[in-house]
Structures are given as structure tokens and as C-alpha cells.
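K.L.:
sequence unknown, structure follows:
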């Protein structure tokens, strides 16, 4: 039992996580139950995690819809399997297919994720960001885009949050478990024989010394800084605004997220898909668009709007806690506005309003 529990601890501690702490706690609990020989059913696991099985992409007219659900991992593994989560490798393959499909005018990402592993996030975020040059990519927060989910959703051309949605949890962390007392009680005294000064640094059988802790803090701070800079770049904001106004690790409800500039509008999933597809569906709720008061956003010229409209027309046929070191304020390079619409005349007005607001 102890050996299996250590394996779970090792797996968790060897990762840097951009995930809600409560979700990771539940996942670790499930893994340890398995190690103890307690098997939960698929339905019981999904009920604890709050996620369902990963579904394939769907089409709504010329809008390609793909899910970003459950725990995010670079590839299919135990964590992904027990959480009904997203394998970034598989997800990116599906995303590229929609991006390259001439019959898909825009892509909508349906997000309901607590976050996950940071591995692969940089590459995936850049793919989404660059795809904005090909066609609009709209992120729909239904119902949660936390941590790693925020990282990816921020790369979209536009972010829509459902009225009851939440977005944020910007940050990352590592976990170290000290098994030395447990070893002492069991009469076990591990001896590490290694080559390389830091090869066994941070092992479970000894308390973490100051040098190892400082290194871990530095690594977490580097990823945290990258997180802030990346979101600032994707949203066309300063790093200081992202650091101060995007929750500092907390989740923001839809109204607060809109006021902070984390999202561009509040609307239901159904109304957003109808807008993107040019459908005449009667709206069942009010759509709230971010006001033109975001001083740190990048202005859009009339020529940029005209060029964007032409491009779109041609293409259409998100124990003890140690805090990372303080980070100096930096400003992200401004990013050009990206097309936010499809070519249907019925929604050109929405596009122009959004472009001017951004």
C-alpha cells in the first residue's frame, strides 16, 4: 500500500500544475483509493471530478465546435482517463482539422475545465493564437475555464462567458510530500545512491532543504511569469493589468470577468453559436458586450476592419504554500486585432462593434 501511495505522490510532485487545487485533491484521492484496491465505477469517478467523457467535434452550419472539457494533459494518461479530460495531442489534431477545413468559417471552443498539467500549454496556445489569422476562433466559457483552461481560451479571437460561467485561477504550483516521519514509524530508512549533485533533490524521504525549495520556487515563478505574459499578449493588455485584475489565482464570475477584460461578452452558448452561424434564432437572453473603456487594449483602424472583413469573406465557402519571488512589472507587446466574425450580412454590425471595442 505504501509503495503504491508513494507512486501517486511521485507522479503528482513531478509535475507543475495549472489546475484548481480542489480538483487535484480529488484526483489524488481517487488514485490512492485505486492503490488501496478500491475501484470506483466510471460514473462515480465522473461524479467526483465533475466531468464527463471527451466528445468529438461537432458542426453547426459553418461553425466547427470542439470541446475543452475536464482535466487537461499533454497526452492520454491515467489522470486524463479518470477525469474524462482532454488530451492536448488529440485535441490539437482535431483543432487543425477544423482550422484547415475550407467549409468551416469559424471555430468555437466549448470550455468546461478546471485546468491541468502545464506541459504542452505553450505550444497549444500558440497554435490557437496563430489560427486567428486563418479564421475566427471563439472561446465559450461553459461553465468553467480555470488555470490551464484560461491559458488556452485567452488565445482565442473572442471570449464569451455564459451568465453563470467562471474564469480565472491564473497561476501554477508544485507539491512536495515529506515521508520521513512515516518511514520512521515503519522502521524504513531509504538510502539514495546517485550521481549528480541534485539528482535526488526533493525526494519524499527527507524534508525539502532550503536550496531545493528555492529552486522549486524559481521554477514555479518562471512558469507563472510566462502565464501572465502569455495571457497579456493574447488579450492585448499589459502584464500588470493581468497580474492585478485577473483574480490573482481566484476565479471570477461572468460580470467581474467582463469588467476586468478577461472576456469580451456575456451570452449563452446557444446564442453565441447562432450569432457565429448567422442563424435567425431568437435570443433567449440578453447579450452583454464589454464597454469601450479598456484603455490598455489595442485600437482598430477602419483599414484593419476592412482588411479583416475581406479575409473572412474569402475564407468562408481558459499544506503549506510558498509564494514565488516578486515579479517586476512588464508590458506585453501590443497585438493586432483579429477578425471576430463570419461573412453573413446579418452579423456584420456585431463584428464592427466588437472590433472597435477591442
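P.N.:
Here it is on my side, so go on. Remember, it's a predicted structure, so these values are computed and weren't measured experimentally. Residues are numbered from 1 along each chain as shown.
K.L.:
what sits against the closest residue to residue 202 other than its chain neighbours?
P.N.:
Sequence neighbours aside, residue 212 is the residue nearest to residue 202 in space, at 4.9 Å (criterion: C-beta to C-beta, 6 or more residues apart in numbering). To be clear about C-beta, it is placed using only N, CA and C from the backbone, and glycine gets the same treatment. Residue 212 sits next to 198, 201-202 when contact means C-beta atoms under 8 Å, 6 or more residues apart in numbering.
K.L.:
likewise residue 253?
P.N.:
For residue 253, the contacting residues are 165-166, by C-beta under 8 Å, 6+ apart.
K.L.:
Repeat that for residue 247.
P.N.:
For residue 247, the contacting residues are 168-170, 260, 318, by C-beta under 8 Å, 6+ apart.
K.L.:
before we move on, the earlier item: which one of the contacts of residue 212 is nearest residue 66?
P.N.:
Nearest to residue 66 among these, counting by C-beta to C-beta, is residue 202 at 37.3 Å.
K.L.:
hey, where'd the strands end up in the stretch 101-250 of the chain?
P.N.:
Taking DSSP state E, counting those that start in this stretch as the test, the strands found in the stretch 101-250 of the chain are 106-117, 137-146, 158-161, 166-168.
K.L.:
So for stretch 112-126, what gets flagged as buried?
P.N.:
By 16 or more other C-beta atoms under 10 Å, the buried positions in stretch 112-126 come out as 112-121, 124-125.
K.L.:
May I ask which two of these are separated the most?
P.N.:
For these, the maximum inter-member distance is 20.9 Å, found between 112 and 119 (C-beta to C-beta).
K.L.:
Just send the strands of the stretch 101-250 of the chain back as JSON lines, with mean pLDDT too.
P.N.:
Formatted as JSON lines, the strands of the stretch 101-250 of the chain follow (pLDDT from 0 to 100):
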{"stretch": "strand 106-117", "mean pLDDT": "94"}
{"stretch": "strand 137-146", "mean pLDDT": "96"}
{"stretch": "strand 158-161", "mean pLDDT": "98"}
{"stretch": "strand 166-168", "mean pLDDT": "97"}
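K.L.:
Columns distance to residue 91 on top of those strands, output as JSON lines?
P.N.:
As requested, these are exported to JSON lines (distance: least, C-beta to C-beta, whole Å):
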{"stretch": "strand 106-117", "distance to residue 91": "10"}
{"stretch": "strand 137-146", "distance to residue 91": "13"}
{"stretch": "strand 158-161", "distance to residue 91": "18"}
{"stretch": "strand 166-168", "distance to residue 91": "19"}
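K.L.:
so which of those comes closest to residue 75?
P.N.:
Of all the strands of the stretch 101-250 of the chain, strand 106-117 sits nearest to residue 75, with 9.7 Å by C-beta to C-beta.
K.L.:
other SSEs contacting the closest one?
P.N.:
strand 17-19, helix 21-35, strand 63-73, helix 88-100, strand 137-146, helix 148-153, helix 269-277 (3 or more C-beta pairs under 8 Å, 6 or more residues apart in numbering; DSSP states H and E).
K.L.:
Make sure residue 154 is actually in contact with residue 230.
P.N.:
Yes: counting by C-beta atoms under 8 Å, residue 230 is a contact partner of residue 154 at 7.4 Å.
K.L.:
what touches both of those two?
P.N.:
Common neighbours of residue 154 and residue 230, using C-beta under 8 Å, 6+ apart, are residue 125.
K.L.:
Who has more neighbours out of those two?
P.N.:
Shown here are residue 154 and residue 230; by other C-beta atoms under 10 Å, residue 154 has more neighbours (28 against 21).
K.L.:
Show me where the protein dips below the pLDDT cut-off.
P.N.:
Under the criterion pLDDT under 70, the flagged ranges of the chain are 1-14, 17, 22, 26-28, 30-32, 34-36, 40-56, 76-84, 279-287, 290-358.
K.L.:
quick one: the helices in this structure?
P.N.:
Ranges of helices in the chain, per DSSP state H, are 2-13, 21-35, 42-49, 78-83, 88-100, 121-131, 148-153, 180-186, 210-235, 239-245, 254-260, 269-277, 302-315, 348-357.
K.L.:
just to revisit the earlier point, now render the helices and strands packed on strand 106-117 as JSON lines, adding distance to residue 188.
P.N.:
What follows is the helices and strands packed on strand 106-117, written out as JSON lines (distance: least, C-beta to C-beta, whole Å):
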{"stretch": "strand 17-19", "distance to residue 188": "28"}
{"stretch": "helix 21-35", "distance to residue 188": "17"}
{"stretch": "strand 63-73", "distance to residue 188": "32"}
{"stretch": "helix 88-100", "distance to residue 188": "38"}
{"stretch": "strand 137-146", "distance to residue 188": "38"}
{"stretch": "helix 148-153", "distance to residue 188": "36"}
{"stretch": "helix 269-277", "distance to residue 188": "53"}
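K.L.:
isn't residue 70 right next to residue 85, touching?
P.N.:
Yes: the pair residue 70 and residue 85 qualifies as a contact (C-beta under 8 Å) at a distance of 3.2 Å.
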